[in-house]
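Engineer: Build me a model:
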Amino acid sequence: MKSVCVVALVMITSAGLATRPALLSAQTPAAAALVGTVSSLEEGNMEGVLVNARAAGANFTTTVVTNVLGKYSFPADHLAPGKYTITIRAGGYDLSTPTTADVAAGKAATADLKLQKTKDLASQLTSLDWVQSFPAMPEEKDSLVHQLMSCAYCHTYQRIMKSKHTAEEFLPVIQRMLSYYADGTAVSGDGRGRAARIQEPGREMMEKDPKWGVVPGIPRPQLAALLARYNLSGGKTTFAYDLKTSPRPHGSATHVIVTQYDMPTRGTVSHDMDVDSKGVVWYTDESAQILGKFEPKTAKFTEIPMPPVPEGNMKGTRDVVVDHDDNVWFPMRVPGNGAVLTKYEPATGKITSVEGVGGQFLALGGDGSIWAGNTRVDPKTMQVTGKFSYNGDSKLPPGGNSGYHNVADSKGNPWVATYRGPGGIIGIDAQTKEVKWYSVPGLLARRGKMDPKDDKYWFGEYLADKISMFDERTGQTHRWAAPQYSTPYTSSLPDKNGYVYAPSNMSERMYRLDPKTGELVEYFMPTEFDTKKIAIDPTSSSVVLWMANKRTARITKIEPLD
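Structural biologist: You can find the predicted model right below:
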């Protein structure tokens, strides 16, 4: 079938941290609680600086972004009265002096911020900044970034570039890195996340593979030589190339508030999350036997323990979806390193599993069915109502069966986009079990969601730097270009304005795509950032996005203001 590729217009934007469990929308006109101007000797008043405010004793931080005049403003419904510590994020700059502000009810506090050139630019670069700084050939950068299990899957490139390993010394480091559980490991610069060394099923094959990255893979000596060329090995005290930072947010990218709430266990690695009909956020931990609950109105977290597994077994709760009755479904680890589909009923606290059904990824069909991979389950009876497979079907070309994360349409039919091979979309008719194949050359997908209103399947192309949509009703795939080496991992469904969102762990940005025009707005995050799923708050009259930040053990709320 026909594949349409549209090149997106990129507008660098920023995201602000909204650090209050605000009950009112950030789009609602409100009096200001804290205002100020940000400036530097080099630039004067500065647009696109992220200004963060955190109250003493709070478990969350709020961020806003300076406008074209260098001014920032925290709405009163986002900052309760109290004493706040103010920090900033702006590539190449630091605050001149530590700053606090006293916020009182009914009156705007003022804190003008002076910035100075940083003395440690290397500590401020995103992974994308590092790649853009390397004086390397495009094919070398491709071989480093476009891997199914790249370095950025667990940590930023800063850890690699600040190291002093030679190429020879890198080889055992690469071997050791392969002993960590990628989905259950995330290590951030602020000491959150968990490095989990687990012998997961299949890990031995990866450790013995002479290549690194899994798909498409690169010979380990070649990778080691590439990394040693650009780090601080060989006695270097400075980098042998100019360090570059991406442009700061401007225009629409500054119209945002971001709030990040610290999970109570700082070692949580939350690979997945979902939101119920009341706006409650549910998340899992890929390396611990818990189900997490976050209530936005109170900023309260609850960790619900799951049955333990024997020491030495893999721990963790995996993907999570909320069904039409607000029951929470997830694959839970069980003794023997397996996983079993499990339902948690918030109303009663009851935990029930569907024996014989496991896997990693789940989907909610438009008909209310629960899908664990290609197995369909009735959420009322908890009985398996169908098992489906496309493997070996004659319609699929050789290598065309590399589906990663299934979704289900309004009729309960499963679909999946491929992440390697010839590229395409695979569907199965749940009634007849007929397999459908739609060729999309070069498609390299990861995860996404199916819109039950119009059966449009939105997904991120992690290995191809694209945000894409397959229209089941026309059989066409539309692809929009994201910034090079941005690796969009997934996609949200369209919000009420028709925009879709895709995250980048390389650039630490959330992209907002207008599918009608191809315009891309880039909201810059206040911290390291990596998320695998995005949910739109069903209880808000304005657009509010929720996600788990895998890298930093935080729940992140993004409120676009236009």
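Engineer: pLDDT at M11, what is it?
Structural biologist: The model reports M11 with a pLDDT of 36.
Engineer: for the stretch 151-300 of the chain, what spans make up the strands?
Structural biologist: Applying DSSP state E, counting those that start in this stretch to the stretch 151-300 of the chain gives strands spanning 186-187, 193-194, 211-212, 218-219, 256-262, 273-275, 281-284, 290-295, 300-305.
Engineer: Which one of those strands lies nearest to V322?
Structural biologist: V322 sits nearest to strand 273-275 of all these, at 4.7 Å, using CB to CB. No exception for glycine: its C-beta is placed from N, CA and C like everyone else's.
Engineer: Now do that closest one: everything it contacts.
Structural biologist: For strand 273-275, contacts defined as CB atoms under 8 Å, 6 or more residues apart in numbering pick out 281-284, 320-322, 328, 533, 535-538, 546-548, 555.
Engineer: list the buried ones in that strand?
Structural biologist: M273, D274, V275 (16 or more other CB atoms under 10 Å).
Engineer: And the last one, how far from T66?
Structural biologist: In this case it means V275. Computed as CB to CB, to the nearest Å, the V275 to T66 distance reads 30 Å.
Engineer: which SS state does V377 fall under?
Structural biologist: The three-state label given to V377 by DSSP: H, G, I helix; E, B strand; the rest coil is strand.
Engineer: Okay, and which of the contacts of strand 273-275 map to strands?
Structural biologist: Members of the contacts of strand 273-275 lying in strands (criterion: DSSP state E): 281-284, 321-322, 328, 535-536, 546-548, 555.
Engineer: Output these as TSV; include the columns neighbour count and distance to G91.
Structural biologist: As requested, these are exported to TSV (neighbours: other CB atoms under 10 Å; distance: CB to CB, whole Å):
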residue	neighbour count	distance to G91
V281	25	30
W282	25	35
Y283	30	30
T284	27	33
V321	21	37
V322	23	38
V328	23	39
A535	21	29
I536	17	30
W546	24	27
M547	28	23
A548	32	25
I555	23	25
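Engineer: Specify which member of those residues is nearest to S492.
Structural biologist: I536 (6.3 Å).
Engineer: Distance check, the residue lying closest to that closest one once chain neighbours are set aside against D514.
Structural biologist: Nearest non-adjacent residue to I536, counting by CB to CB, 6 or more residues apart in numbering: D495, 5.6 Å away. Distance, D495 to D514, using CB to CB: 11 Å.
Engineer: Over to S143: give its phi and psi.
Structural biologist: With angles defined as degrees, to the nearest 10, S143 sits at phi -70, psi -20.
Engineer: Enumerate every residue touching it.
Structural biologist: Residues near S143 by CB under 8 Å, 6+ apart: I218, Q222, L223, L226.
Engineer: Which stretches in the protein count as helices?
Structural biologist: Secondary structure of the chain (DSSP state H): helices located at 127-133, 138-145, 158-161, 167-177, 203-208, 220-230.
Engineer: Out of those, the one nearest A288 is which?
Structural biologist: helix 203-208 (18.6 Å).
Engineer: Return the set of buried residues in that closest one.
Structural biologist: R203, M206.
Engineer: Run the chain-centre distance for it.
Structural biologist: 26 Å (CA atoms, centre = their mean, to the nearest Å).
Engineer: repeat for stretch 517-531
Structural biologist: The answer for stretch 517-531 is 10 Å, by CA atoms, centre = their mean.
Engineer: can you check stretch 436-450 too?
Structural biologist: With CA atoms, centre = their mean as the basis, stretch 436-450 stands 19 Å off its chain's centre.
Engineer: now do stretch 125-137
Structural biologist: 20 Å.
Engineer: what about that stretch, how long is it end to end?
Structural biologist: Start-to-end span of stretch 125-137 (CA to CA, to the nearest Å) is 20 Å.
Engineer: pLDDT (mean, whole number) over it?
Structural biologist: What stretch 125-137 shows for mean pLDDT is 97.
Engineer: what's it in contact with?
Structural biologist: Applying CB under 8 Å, 6+ apart, the contact partners of stretch 125-137 are 91, 140-141, 144-145, 151-152, 156-158, 161, 226, 229-230, 239, 241-246, 483, 485-486, 504-508.
Engineer: got the buried residues for stretch 314-329?
Structural biologist: Using 16+ other CB under 10 Å as the test for burial, stretch 314-329 gives 314-323, 327-329.
Engineer: So D112 is in contact with T37, correct?
Structural biologist: Yes - taking contacts as CB atoms under 8 Å, D112 lies within contact range of T37: 5.0 Å.
Engineer: Which one of these two is surrounded by more residues?
Structural biologist: T37 (18 against 13; other CB atoms under 10 Å).
Engineer: If anything else comes up later, I'll come back, but that's it for now.
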